[in-house]
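Novice: model this:
(one chain, ligands or ions: 1)
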Amino acid sequence: MKFFIDTANLAQIQEANDLGILDGVTTNPSLMAKEGIKGTEAIAAHYKTICEMVDGPVSAEVLGTTFEGIVEEGKKLAAIHENIVVKVPMIKDGIKAIKWFTDNGILTNCTLVFSAGQAIMAAKAGATFVSPFIGRIDDSSWDGVQLVEQIVNIYNSQGFLTEVLAASIRNPLHIVRCAEVGADVCTCPLNSILGLLKHPLTDNGLAQFLKDAQAMQ
Ligand code: G3P
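Specialist: Predicted coordinates:
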C-alpha cells in the first residue's frame, strides 16, 4: 500500500518525506485555504513547490463544477508539473471531465466518493484514483473501511485499473484496516502516519535496553 500525506503544509510534507516512506501528496481546497494560499498564481506556485519536494503524484483539486470549467482548470493544473493529478469532484460534469482527461493523458483523482456506485462510475470514466472518504462515513455511523473493501472487491472482480485511495483518514487504525482490505493507497494526516510508530512496549523495552547498555560501558 502506498502512503500519501493529506495536507498542503510544507513542513509536514517535508517531515513525512524525510521518513523515506512517502509516495505522494493529496490536497483539497480546505487544506490549501488553511495554509493561507490565495489567488491563481500563489496556488500554482504552491503545487509546484510540493511537486519539487516529493517524487510522486500530487493531487490538486479543481474549484469549478461545470464540464468546461473543470477541463479548463485541470489543463492548467496538469501543466504545472508532470506529477500533478487533477482532483475532480464526484458529480455528473466531473465524470464527463474525468473521461476527457483520461482520453487526453491527464491523471485524475475522483474525490468525495461515498458509495460503491460512485466508485464504479469513476472507474468507468478511467479515473487514475478514486477517493472514498472513510472518516466522514464513520462520522455518520457507517463503516468507511467496509466501503473501501467493497470497492477493492468490485475493481478486482471487474478488472478496473483505477487505484483505491482511502481518504479522510483520522487515525492509525484506519491505515491498518485499509491495508488489511487491500487499499492501493492511504492518504493520511502526519499524526496518523506517526501514530503507526507508537507502542508503549517499544518505549519501555528501549528504555530498559539503554539502561542495561550503560552497565556494559
Ligand atoms: O482530501 C480529502 C480528505 O482526506 C478529507 O479528510 O478529515 O476532512 O474528512 P477530512
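
Novice: Distance check, the residue nearest to the spatial centre of the chain against the ligand.
Specialist: The C-alpha lying nearest the average C-alpha coordinate of the chain belongs to T187 (C-alpha atoms, centre = their mean; 3.6 Å). From T187 over to the ligand the distance is 6 Å, taken as C-beta to the nearest ligand atom, to the nearest Å. C-beta coordinates here come from the backbone N, C-alpha and C atoms, glycine included.

Novice: ok, now F160?
Specialist: For F160, the distance to the ligand (C-beta to the nearest ligand atom) stands at 21 Å.

Novice: picking up where we left off before, show me the beta-bridge partners of the residue nearest to the centre of the chain.
Specialist: Using DSSP bridges, the beta-bridge partners of T187 come out as F4.

Novice: in this protein, which spans are helices?
Specialist: In chain order, the chain shows helices spanning 10-18, 29-34, 40-53, 67-80, 92-103, 116-124, 134-139, 144-158, 172-180, 190-195, 200-215, with DSSP state H as the criterion.

Novice: Let's have these in a markdown table, adding distance to M1.
Specialist: As requested, the helices of the chain are exported to a markdown table (distance: least, C-beta to C-beta, whole Å):
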| stretch | distance to M1 |
| --- | --- |
| helix 10-18 | 15 |
| helix 29-34 | 21 |
| helix 40-53 | 21 |
| helix 67-80 | 26 |
| helix 92-103 | 23 |
| helix 116-124 | 17 |
| helix 134-139 | 14 |
| helix 144-158 | 11 |
| helix 172-180 | 5 |
| helix 190-195 | 12 |
| helix 200-215 | 22 |
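
Novice: circling back to that earlier point, looking at it, the residue nearest to the centre of the chain is touching K2, isn't it?
Specialist: No - applying C-beta atoms under 8 Å as the test, T187 and K2 come out as separate, 9.0 Å apart.

Novice: Find the residues that touch each one of the two.
Specialist: Common contacts of T187 and K2, defined by C-beta atoms under 8 Å, 6 or more residues apart in numbering, comprise G24.
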